[in-house]
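Chemist: For reference, the sequence and a predicted model appear below.
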Amino acid sequence: MDPFTASVLSIVLLALLGLPVGHAMIASSILYLLLSGSDMGTAAEQLLNGMFSSYILLAVPLFILAAELMNAGNMTLRLLAFCNAFIGRFPGGLALVNVAQSIIFAGMSGSAIADAAGSGKMMQRMMTEGGKYPPAFAAALTASTAVIGPIIPPSIPMVIYALVSDASIGYLFLAGVVPGLLMGLVQVVIILVTARRRNFPVEPPVPLRALPRITFNAVPALMMPVVLLGGIYGGATTPTEAAAVAALYALLVSALLYRSVTLKSAYGSVLSSARTTASIGMLIAGSLVFNYVVTVENIPATLSAWLSGFDLSPVVFLLIVNAILLVLGCLLEGTTILLVIVPVFIPTAQALGIDMVHFGIVCVVNIMLGLITPPYGLLLFVMTSISGCKLSQIIREVLPFLVALLVALLLITLVPDLSLWLPRLFGYNG
Amino acid sequence: QEAKKLRFSAVFSEQDIRAQMMQKLAASVADFAKLELYYGGNLFKQTTEIIAIQRGNLEMGNVAPQDIATQIKEFSILTSAYLFRDADHLNSFFNSDAGAEMVALAEDKLGIHILGPTYFGTRQVGLRIDKEIRTPEDMSGVKLRMPGGDAWQFLGKALGANPTPMAYAEVYTGLQTGAIDGQDNPLPNVQNMKFYEVMDQIVMTSHLVGYDLLVISAKVWKGFTEEQRTAFQAAATEAIAWSTQQHLAREQELVGFFKDQGLAINTPDVEAFRSYAQKMYLDSAFSADWPEGMLDRINAL
Amino acid sequence: MLAVMFAAFIVQVAFRYLLNLPSGGASELTTIMWVWLVLWGAAFVLREREEIRFDFLISMVGPRLRRVMTILACAALLFLYGVSLPAAFDFVTFMKIQDTSYLDLRFDLVYSIYILFAVAILVRYAWLLWRALRGAPPEVARGPGEEAP
Ligand code: NA
Ligand code: NA
């Protein structure tokens, strides 16, 4: 067996045996170096130099911290109250709140996991209180609404895509807005249909005179996307700095305005985001090392030569990429796919004249769907542990949403204007 | 005898003119060396290639003179502004005795053999404001985006401007919103990144002749026979010369293109800029490590 | 320690924005913090259940098979990390010939966290292996449905 095959098999095997994915990738890359007689110090070299030279990745821990501080500071809670006041009164009210909340929260967090773990936890509790909704439905809904988070800016996966593709982060962020809203829309359709069929409850209407106070309370939280995007497009901050500003803003609002953050709870937030950063960071580290193996074996060139040998049209190519990414999304983690697999397609996509920003949106939507596709879906795991439901129950409930989101993905793939209309409005010329 | 496997890593992309240069070189030396070409910094990240060569994990690279200067301080002179007048001057330096001394220094201290300078364009100032620029004094108060890092920021000052660091990918938006008044890059970059759409004029300051160095591990180099070394060097020189010509032609063509796009192309008093910048370098800590008399020898070429 | 690192991280970037300091030193510090945060965190702070892993298979099998799987995984990791440790040490010490560009820190010191990380992981997995061999239930697996911390 050649060293490359051995190392790929080793990743699959070690991951199945239950080793953390990052360690499985590092260990298997070492196996490759060992079998091919190379310098095994290269594993350390690639990991350290890779992490050291990727300034852009600094946005990852900062966005995680921002989301964490928002939860600690009750910003999320106030947002929920705001959404509930306006749309709780419709059929499937709380379910709709879940969608709306995800869309607004999406403007602040950069990560679907942070979204599900933070606001998702609260949504789950609200929806299942007094047996209003079946817990598995609530969990499935929360998982599938959380995937909107990284499509609407800001977004950690898009930052990573920008890293591998050289596309502008600013335009990528803009391009995600319409597709993100579209994904929310298809979820609303599913909820309305299900609500009628299963007779979901309506929330008691919030009295009109309470609305101003609830809205007022939510304003600082609602301002967050404005502050962030304004900063980026006004030229005041780069996206990496915007991540830091977001964290700072969340801290200031929570501490000074809401007075709901103590030094102790802020410390707790920092600690818990540090933990999340470390576990996501290990995945990135593993990918950086394995990326060397893939490069030195010329896998990207081979694959893209193979693909270009078919003389594909851009649409067919995009559909094939969708199919490949969806299958891989069932097996691999999103960051790994972005760092290792997506770069394989980029040269061919460029040669076919596919817009790099549009391609990025297609890839990121794909990877987000991978988070809720069984059997390996990180969000499904997160919601299993939050809700206490069986994985199989959640999978059954998530299927209608998955199908609807796949339809949305198809639209986003076939109609580039859905992604590119907004960036062009802001001067993008692709 | 089997052809020796030589791994080459560069930051430029597979679509770059210099990727074609490498393919030409690979074809010319195919009977005794098998070049494996990796682009886009995928194999080794920018600035890490030299160490990879030193540790025997890489045989060839296209490295910035700045990266050599991190290990050999004397090389910092070769990264300063207004040193080389143009691509010809750059080449004649590397063919001169002074150039040979620097090449030998790299071979002794780093264990890398320099095959030649790979020119990729001359940096010019591009502005979104229509202020007339003749001398460094006219640049006063101009917010000029320069790459991050002390040396680059100093270069901005040596042009008389107010240097502002900003990530390369954000420059377009910066010019559009007015966060910066201008940027400095070779013309092909201005075209690639569409900066010209948000600029009013290009000031042909020609302040930095941009080049990297095509290098090969000294150990591999010494392992070649005398005949192979001669053949390899000849092939490298030819491929580099071809690439330089391509770049010069492209720059020439782009001047016309930018004019058609409605940009003003102005040539300032380059000598005034040159003496201002050289004086600033000599008065600064940046010139502390420069080899004695090297500046004069280069100026005299 | 982790909290301090993270706070420094935020303050640095925030400073850079608020005061518009063109300080490469600050961004270099944050980059170093990021490398240290991930490797330090993975080595000393993260608990088994917090790591991202594919626990689908391991949560389906019985405790006996689960133990065998854990033993195999730990042994493979110990072997591969162990066999590469000298080479990693060689790389890190080699880096002493370079300094970071702003803070002028020696790179071997900056990168020493990798050695710390590798050794800590070796110790940790040796312990996990020991526990699995002695028959303790592997903490590595968390079945679906179990309450998260
Ligand atoms: Na949600
Ligand atoms: Na988002």
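Modeler: The structure has been received and is ready for your questions. Everything quoted here is computed from the prediction, not taken from an experiment. Ligands and ions are numbered 1, 2, ... in the order given.

Chemist: and the stretch 301-430 of chain A, which of its residues are near chain B?
Modeler: By C-beta under 8 Å from any C-beta of the partner chain, the part of the stretch 301-430 of chain A that sits against chain B consists of A:P343, A:P347, A:Q350, A:G427, A:N429. C-beta: built from backbone N, CA, C; applies to glycine.

Chemist: Save these as JSON lines, and put in neighbour count and distance to A:L208 too.
Modeler: Output for those, formatted as JSON lines (neighbours: other C-beta atoms under 10 Å in any protein chain shown; distance: C-beta to C-beta, whole Å):
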{"residue": "A:P343", "neighbour count": "21", "distance to A:L208": "54"}
{"residue": "A:P347", "neighbour count": "21", "distance to A:L208": "58"}
{"residue": "A:Q350", "neighbour count": "17", "distance to A:L208": "55"}
{"residue": "A:G427", "neighbour count": "17", "distance to A:L208": "42"}
{"residue": "A:N429", "neighbour count": "9", "distance to A:L208": "47"}
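
Chemist: low-scoring pLDDT stretches of chain C, where are they?
Modeler: Residue ranges of chain C with pLDDT under 70: C:1-26, C:54-56, C:136-149.

Chemist: Quick one: list the elements packing against the helix or strand containing A:G170.
Modeler: Per DSSP states H and E: A:G170 is located in helix A:169-198. Under the contact definition 3 or more C-beta pairs under 8 Å, 6 or more residues apart in numbering or on different chains; DSSP states H and E, helix A:169-198 sits against helix A:93-106, helix A:135-146, helix A:156-165, helix A:211-233, helix A:239-252, helix A:356-370, helix A:391-414, helix A:416-425.

Chemist: Need the winner for burial among the ones you listed.
Modeler: Mean neighbour count (mean count of other C-beta atoms under 10 Å in any protein chain shown) peaks for helix A:135-146 among the helices and strands packed on helix A:169-198, with a mean of 28.

Chemist: Next, the angle from that helix to helix A:356-370.
Modeler: Here helix A:135-146 points in a direction 170 degrees away from that of helix A:356-370 (axes from the mean of the first three to the mean of the last three C-alpha atoms, to 10 degrees).

Chemist: Double-check A:F52 against C:V38; I have them as touching.
Modeler: No - taking contacts as C-beta atoms under 8 Å, A:F52 lies outside contact range of C:V38: 11.3 Å.

Chemist: Map the structural domains onto the sequence of chain A.
Modeler: A:1-53, A:54-426 (the TED database).

Chemist: Export those as TSV, with columns for mean pLDDT.
Modeler: Formatted as TSV, those follow (pLDDT from 0 to 100):
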stretch	mean pLDDT
domain A:1-53	90
domain A:54-426	78
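
Chemist: For ligand 1, which of these is the nearest?
Modeler: Of all these, domain A:54-426 sits nearest to ligand 1, with 3.6 Å by C-beta to the ion.

Chemist: For that closest one, measure first residue to last.
Modeler: End-to-end distance for domain A:54-426: 27 Å, by C-alpha to C-alpha, to the nearest Å.

Chemist: Which elements pack onto whichever helix in chain A runs longest?
Modeler: What stands out as the longest helix in chain A, according to DSSP state H, is helix A:263-296. When contacts are defined as 3+ C-beta pairs under 8 Å, 6+ apart, helix A:263-296 packs onto helix A:3-16, helix A:21-35, helix A:41-52, helix A:59-72, helix A:112-128, helix A:334-336, helix C:2-18, helix C:24-40.

Chemist: Could you list the low-confidence segments of the stretch 51-200 of chain B?
Modeler: In the stretch 51-200 of chain B (pLDDT under 70), the answer is B:169.

Chemist: can you give me phi and psi for the residue in it that chain C sits nearest to?
Modeler: Residue nearest to chain C within the stretch 51-200 of chain B: B:P165 (4.8 Å; C-beta to the nearest C-beta). Main-chain torsions, B:P165, degrees, to the nearest 10: phi -80, psi 140.

Chemist: hang on, the earlier thing: got JSON lines for the helices and strands packed on helix A:169-198, with distance to ligand 2 too?
Modeler: Output for those, formatted as JSON lines (distance: least, C-beta to the ion, whole Å):
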{"stretch": "helix A:93-106", "distance to ligand 2": "4"}
{"stretch": "helix A:135-146", "distance to ligand 2": "10"}
{"stretch": "helix A:156-165", "distance to ligand 2": "8"}
{"stretch": "helix A:211-233", "distance to ligand 2": "9"}
{"stretch": "helix A:239-252", "distance to ligand 2": "11"}
{"stretch": "helix A:356-370", "distance to ligand 2": "10"}
{"stretch": "helix A:391-414", "distance to ligand 2": "16"}
{"stretch": "helix A:416-425", "distance to ligand 2": "15"}
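
Chemist: Which of those helices sits closest to A:A15?
Modeler: helix A:356-370 (15.2 Å; C-beta to C-beta).

Chemist: Who are the contact partners of B:L213?
Modeler: B:N62, B:V63, B:A64, B:P65, B:I68, B:I114, B:L115, B:G116, B:P117, B:T118 (C-beta atoms under 8 Å, 6 or more residues apart in numbering or on different chains).

Chemist: make that A:A27, sorry
Modeler: A:S10, A:L14, A:L19, C:A76, C:L77, C:L80, C:Y81.

Chemist: ok, of those, which one's closest to ligand 2?
Modeler: A:L19 (30.4 Å).

Chemist: Leaving aside the residues adjacent along the chain, what's closest to the closest one?
Modeler: Counting by C-beta to C-beta, 6 or more residues apart in numbering or on different chains, A:L19 lies nearest to C:A73, which is 4.5 Å off, once chain neighbours are set aside.

Chemist: Surely that neighbour touches A:G18?
Modeler: Yes - taking C-beta under 8 Å as the definition, C:A73 is a contact partner of A:G18 at 5.7 Å.

Chemist: between these two, which one's more packed in?
Modeler: C:A73 (29 against 26; other C-beta atoms under 10 Å in any protein chain shown).

Chemist: what about the strands in the stretch 201-301 of chain B?
Modeler: B:201-217, B:264-266 (DSSP state E, counting those that start in this stretch).
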